[in-house]
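S.K.: Starting from these lines, generate the structure:
(chains A and B)
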2 protein chains.
Amino acid sequence: MPTVVIVGAGFGGLRAARALRRAPVQVVLLDRNNYHLFQPLLYQVATAGLEPEEIAKPTRSILRGQKNFDFRLVAVTRVDFAAKRLETSAGPIAYDYLVLAPGGETNFFGLDSMQRHGLGLKDIPDAITIRNHVLTCFEQAMLDLDAEQRRTLLTFIVVGGGPTGVEMAGALSELIRLVLVKDYPRLNIKDVRILLLEATDRLLPALPERLREAAGKTLWRKYVEVRFGATVADYDGRQARLKSGEVIPARTVIWAAGVRAAPLNATLGLPTARQGRIPVEPTLQVAGHPEVFIIGDAAYREQEGEPLPMVAPVAIQMGHSVASNIKRHLRGRPLEAFRYRDQGTLATIGRNAAVANVYGLKLSGFPAWVMWLVIHIIQLIGFRNKLFVLINWAWDYFFYERAARLITRD
Amino acid sequence: MPTVVIVGAGFGGLRAARALRRAPVQVVLLDRNNYHLFQPLLYQVATAGLEPEEIAKPTRSILRGQKNFDFRLVAVTRVDFAAKRLETSAGPIAYDYLVLAPGGETNFFGLDSMQRHGLGLKDIPDAITIRNHVLTCFEQAMLDLDAEQRRTLLTFIVVGGGPTGVEMAGALSELIRLVLVKDYPRLNIKDVRILLLEATDRLLPALPERLREAAGKTLWRKYVEVRFGATVADYDGRQARLKSGEVIPARTVIWAAGVRAAPLNATLGLPTARQGRIPVEPTLQVAGHPEVFIIGDAAYREQEGEPLPMVAPVAIQMGHSVASNIKRHLRGRPLEAFRYRDQGTLATIGRNAAVANVYGLKLSGFPAWVMWLVIHIIQLIGFRNKLFVLINWAWDYFFYERAARLITRD
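M.R.: This is a model prediction of the structure:
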């Protein structure tokens, strides 16, 4: 039976592994982590609303029923396309088909100071680091008697006006203004500042103007200062210097300004496009290596002249497509070209507030927020995770609480 | 208003802070962590049954309603009894009354090699480390082709036959034999070994013989090899050498063989007794410093010729007593001597199996297990934590699942 090795248990890799469950192949899934992470809710772990275990599920337990499936917890160090073999942290693994779905990582655009002092948000340790850091800033502000120091500790900068940045800024504002104010009765809320810096002149560029404006207004009502045309030039952990020359003292900068392909891409010896992504054929194959496919954030495809976005729906659809194409190839049939069906964009900005442009439907406010809740609950894997997230959300909603306000430090 | 400074937000410190809520004092509680930890369920976090957020609650939110309460996230470095002042990581703090409740830490009895390679279980990071380590051993055993290596990876030694060791061994056996077997279909369960090493000739020495035997039998049915008179002389991370000369290859040694007082005790310049605990007056005052009290694991008191055990009920009762005595002192009344009322011992060894010697009632098996469940749910702080723990337990019970099987590494 031919072996299909899939690298990465994210949205694309997992979908491909599942879609091959009845194919006459042995599926071997490799990942550095033993769990599949539901990244769209990671910002809620970072803002103490959810526990990490609720948005992650062990890959082995997700695919437990699948007979032709095997998982290995390894890091891939090299791909030998000629020998059809991967080098990993636990020795070589041979493949007949290879699906590379290593995902993406935070893109600091070469800004070294930001890489050192800024906080990215791509994995569970990132989210826990942000949670610990934000809560520690509040604790230190309670000890610090100098007003200047205290304001620096309570200034939170979010960089990037895409969905992650907007959701992060909204959730952070609610964590502070609805929950932490109760924990810190001596806190002067006027000392707290949340800034959302966006380099262009618009938030959520994928949305129509009306919804962009609704999002901006909601953030404003949550006391988030949105700055357009604002680019960070340097950050030393104490103050951020903008390109305009302005200096903002802040102990927290959360970097949601970009992603790029996982570092595995750079080791493949293949030409890369923007953000380190590797251009693939319409069938998602690598040119010259018909048995190798690249999907998700690591792959570069254009559609209608625009590069496909690095988002979960693209990865999921690609995972599905690559499984079909492997099955076609096994039967000697011609492969099909991948075509992305854009289902729209959703972003939540806090309780009762979201913007949605889904299946042609343009919503904002409460209806968009309900749609956001329903879609995310449906997509979460595992009934227990759905139940716990629902209870946590209900708790937050009715009691203005955040369950996971722990500073868990080694 | 006089200031009562309490060091440590464990069972004793928290109880003292709460019991002073209507006293004419300002209460300042200091802790290195921002949460109160329900330590009796820590072994369930270590064996992936519960999430850390479910057995910990932010101290500020527990005492939110208390007007005369303030919390500070600091580490205490020194106590100046003459000046009535603490030195902390955030500067000095003056007190009128001082309650030292810094708790305990793992006691490796000077066994350096064990301190380096063994796994203690006293705080959330400890529990997460054990969880990560055990799950990683299984993942590596799936990669390792050498049978010897694989058996070493799948041998788990628990040292110490007290409640923590017994509960840990039982929970580990169930994690592996009921849950992980489903995740690892290629696993040969005969390669798995769990050993419980006890230096004396009995488990759970606080229990009567009939219950000790019931506990031993239950462990035996769960394939835990109990060894009496077994003391570890050395452990290098690969093999444990016993005093008898026997060598057991094992990648995991969980050390539940002892506790001692927190390191703060050694900095106080006061005489210490066994396990670094400081002898206190019957009123829990420090001799020569009537405004200073020591409670919980850090304090040494004998009752009927026996030292009080380092367990939660002692700390809770001492916390209560010290709050009464401070109130008495304020009113100029004589202080009362502390007297521990032993409510008994409970230990669970897995599903449907526990031993209980509570209020004169001696139970084993299912009734003891139900009693254990009820008592622990009642004692957990916060309705949400109770609810989540209950759901998790029900889930484990009916579906043979463990929710939190994540390897979360930085």
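S.K.: I'd say residue A:298 and residue A:100 touch.
M.R.: Yes: in terms of CB atoms under 8 Å, residue A:298 counts as a neighbour of residue A:100; the distance is 6.0 Å. For every residue, glycine as well, the C-beta is placed using N, CA and C.
S.K.: what do these two both touch?
M.R.: residue A:264 (CB atoms under 8 Å, 6 or more residues apart in numbering or on different chains).
S.K.: quick one, helices of the stretch 151-300 of chain A?
M.R.: Shown for the stretch 151-300 of chain A, the helices assigned by DSSP state H, counting those that start in this stretch span residues A:163-174, A:181-183, A:209-221.
S.K.: Return the most buried member of these.
M.R.: helix A:163-174 (a mean of 25; mean count of other CB atoms under 10 Å in any protein chain shown).
S.K.: ok, what's across the strand from the closest residue to residue A:344 other than its chain neighbours?
M.R.: Using CB to CB, 6 or more residues apart in numbering or on different chains and skipping the chain neighbours, the partner closest in space to residue A:344 is residue A:358 (3.6 Å). Residue A:358 has these beta-bridge partners by DSSP bridges: residue A:344, residue A:361.
S.K.: what's residue A:94 in contact with, if anything?
M.R.: Shown in contact with residue A:94 (CB under 8 Å, 6+ apart): A:3, A:83, A:84, A:85, A:86.
S.K.: Highest neighbour count among the residues you listed?
M.R.: residue A:86 (22 neighbours; other CB atoms under 10 Å in any protein chain shown).
S.K.: Is the residue nearest to that one when sequence neighbours are not counted in a helix, a strand, or coil?
M.R.: Spatial nearest neighbour of residue A:86, excluding adjacent residues (CB to CB, 6+ apart): residue A:93 at 4.7 Å. What DSSP: H, G, I helix; E, B strand; the rest coil gives for residue A:93 is strand.
S.K.: count of neighbours near residue A:93?
M.R.: 19.
S.K.: Spell out which parts of the stretch 1-150 of chain A neighbour chain B.
M.R.: A:33-35, A:51-54, A:56, A:58, A:60-61, A:64, A:70, A:72-74, A:90-91, A:124-125, A:128, A:135-136, A:139-140, A:142-143 (CB under 8 Å from any CB of the partner chain).
S.K.: Give me the subset of those lying in helices.
M.R.: The helices, defined by DSSP state H, take in A:60, A:61, A:124, A:125, A:128, A:135, A:136, A:139, A:140, A:142, A:143 from the residues of the stretch 1-150 of chain A next to chain B.
S.K.: Kindly reformat the residues you listed as CSV containing pLDDT, neighbour count and distance to residue B:176.
M.R.: Supplementary listing: these in CSV, determined by pLDDT from 0 to 100; neighbours: other CB atoms under 10 Å in any protein chain shown; distance: CB to CB, whole Å:
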residue, pLDDT, neighbour count, distance to residue B:176
A:60, 95, 25, 14
A:61, 92, 21, 15
A:124, 95, 22, 24
A:125, 94, 13, 26
A:128, 95, 20, 27
A:135, 96, 23, 35
A:136, 96, 17, 37
A:139, 96, 20, 39
A:140, 95, 17, 42
A:142, 93, 19, 44
A:143, 92, 17, 45
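S.K.: Go through the residues you listed and say which is closest to residue A:378.
M.R.: Using CB to CB, residue A:61 comes nearest to residue A:378 of these, at 19.3 Å.
S.K.: Run through the residues that contact the closest residue in space to the closest one that isn't next to it in sequence.
M.R.: Once flanking residues are discounted, residue A:61 sits nearest to residue B:183: 6.0 Å by CB to CB, 6+ apart. Applying CB under 8 Å, 6+ apart, we find residue B:183 in contact with A:58, A:60, A:61, A:64, B:138, B:405.
S.K.: okay, the nearest residue in space to residue A:178 that is not next to it in sequence: pLDDT?
M.R.: Leaving aside its chain neighbours, residue A:178 sits nearest to residue A:400 (4.6 Å; criterion: CB to CB, 6+ apart). You'll see residue A:400 listed with a pLDDT of 84.
S.K.: got it, and residue A:410?
M.R.: 51.
S.K.: ok, residue A:393 touching residue A:373?
M.R.: Yes: the criterion here is CB under 8 Å, and residue A:393 meets it with residue A:373 at 7.0 Å.
S.K.: gap between residue A:3 and residue A:24?
M.R.: 11 Å (CB to CB, to the nearest Å).
S.K.: swap in residue A:55?
M.R.: Counting by CB to CB, the gap from residue A:55 to residue A:24 is 34 Å.
S.K.: again, but for residue A:210
M.R.: 51 Å.
S.K.: how about the residue in the stretch 201-350 of chain A that chain B sits nearest to, what does it touch?
M.R.: Scanning the stretch 201-350 of chain A for proximity to chain B using CB to the nearest CB identifies residue A:251 as nearest, at 15.2 Å. By CB under 8 Å, 6+ apart, the contact set of residue A:251 is A:137, A:152, A:153, A:155, A:237, A:238.
S.K.: ok, the second one touching residue A:252?
M.R.: No: using CB under 8 Å as the test, residue A:152 is too far from residue A:252 to be in contact (9.4 Å).
S.K.: Look up the closest residue to residue A:251, ignoring the ones flanking it.
M.R.: residue A:153 (5.2 Å).
S.K.: Give me the neighbour count for that neighbour.
M.R.: 24.
S.K.: dump the residue contacts of it.
M.R.: Contacts of residue A:153 (CB under 8 Å, 6+ apart): A:137, A:138, A:140, A:141, A:144, A:251.
S.K.: 6 Å instead?
M.R.: By CB atoms under 6 Å, 6 or more residues apart in numbering or on different chains, the residues touching residue A:153 are A:137, A:140, A:141, A:251.
S.K.: Same check on residue A:312?
M.R.: So residue A:312 contacts residue A:11 (CB under 6 Å, 6+ apart).
S.K.: please redo it, this time with the cut-off set to 10 Å
M.R.: A:10, A:11, A:12, A:15, A:38, A:39, A:40, A:296, A:297, A:379 (CB atoms under 10 Å, 6 or more residues apart in numbering or on different chains).
S.K.: now swap in residue A:28 and tell me
M.R.: Counting by CB under 10 Å, 6+ apart, the residues that residue A:28 touches are A:3-7, A:17, A:68-72, A:86, A:93-95.
S.K.: So residue A:298 and residue A:100 - more neighbours on which side?
M.R.: Shown here are residue A:298 and residue A:100; by other CB under 10 Å, residue A:100 has more neighbours (32 against 29).
S.K.: How about the contacts made by that one?
M.R.: Per CB under 10 Å, 6+ apart, neighbours of residue A:100: A:5-8, A:12-13, A:76, A:79, A:86, A:261-262, A:264-265, A:268, A:270, A:278, A:280, A:284, A:286, A:292-296, A:298-299, A:322.
S.K.: Likewise for residue A:404?
M.R.: A:44-45, A:47-52, A:54, A:128, A:131, A:135, A:392, B:51-54, B:56, B:58.
S.K.: measure it to residue B:101 for me?
M.R.: 25 Å.
S.K.: One more: residue A:172?
M.R.: From residue A:172 to residue B:101 the distance is 34 Å (CB to CB).
S.K.: For stretch A:311-322, give the mean pLDDT please.
M.R.: Mean predicted confidence for stretch A:311-322 is 97.
S.K.: picking up where we left off before, tell me which of the contacts of residue A:312 is nearest to residue B:351?
M.R.: For these, the nearest to residue B:351 is residue A:38 (29.7 Å; CB to CB).
S.K.: wouldn't the closest one be in contact with residue A:56 here?
M.R.: Yes: assessed by CB atoms under 10 Å, residue A:38 is found in contact with residue A:56 at 7.0 Å.
S.K.: who touches the spatially most central residue of chain A in this structure?
M.R.: Nearest to the geometric centre of chain A sits residue A:39, at 4.4 Å (CA atoms, centre = their mean). Neighbouring residues of residue A:39 by CB under 10 Å, 6+ apart: A:10-11, A:55-56, A:103-104, A:121-124, A:127, A:164, A:311-312.
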